[in-house]
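Enquirer: need a structure here:
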Amino acid sequence: MLGKLATWMRTIGCDVAYDSRLDNKGLIELAEPEERIILTRNTHLIKRKKVRDRSYFIQGDSFQDQLFQIIQRFEIDPYKFFLTRCLRCNLPLIQIEKQEIETKVFPYVYQTQEVFYTCSRCHRIYWPATHKARMIRQLKEILSRGNE
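Expert: Numbering: from 1, shown residues only. Modelled structure (predicted):
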């Protein structure tokens, strides 16, 4: 229900546990031991006593509205930890030496980029290319909603 929001929250450095396969009970069981805040659009879930104090209802329909709502509500600096987490696994990224990934990326990427990061779980490789600039532009557009 909030998969795109979860990805964008990871993009801005938030520690986000997300699994679209979980039902309400599974979601509560995942959140409870780690004392996570449950973000939801499910009105039945938010009314449950067990999660009422640790949940937040997402009102926006688009991920842009949802992300803006979360940034405002929890006073998140969206640039402080921008692109420091794996978008797939949620783990913090680790910088790796360029020569370690030579055979793992396209030759053009290897030749044009100097800084690389990886996820210790899924081993996905990240680098600050043009997509980073596009994401920052998109984030600025989202944040400008507060000025409308």
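
Enquirer: which SSE is the spatially closest residue to Tyr18 that is not a sequence neighbour in?
Expert: Leaving out its chain neighbours, the residue that sits closest to Tyr18 by CB to CB, 6 or more residues apart in numbering is Ala6, at 3.8 Å. C-beta: built from backbone N, CA, C; applies to glycine. Assigned by DSSP states H and E, Ala6 falls within helix 3-11.

Enquirer: after that helix, next one along is what?
Expert: helix 24-31.

Enquirer: which elements pack onto that following helix?
Expert: Packed against helix 24-31 by the contact rule (3 or more CB pairs under 8 Å, 6 or more residues apart in numbering; DSSP states H and E) you find strand 38-40, helix 43-46, helix 49-52.

Enquirer: just the ones you listed: most buried one?
Expert: strand 38-40 (a mean of 21; mean count of other CB atoms under 10 Å).

Enquirer: show me the contact partners of that strand.
Expert: Residues from elsewhere that reach strand 38-40 (CB atoms under 8 Å, 6 or more residues apart in numbering): 1-2, 5, 27-28, 31, 45-46, 51, 54-58, 70.

Enquirer: and the furthest pair within those residues?
Expert: Comparing all pairs in those by CB to CB, the longest separation belongs to Ile28 and Ile70, at 19.8 Å.

Enquirer: thanks again, I'm all set now.
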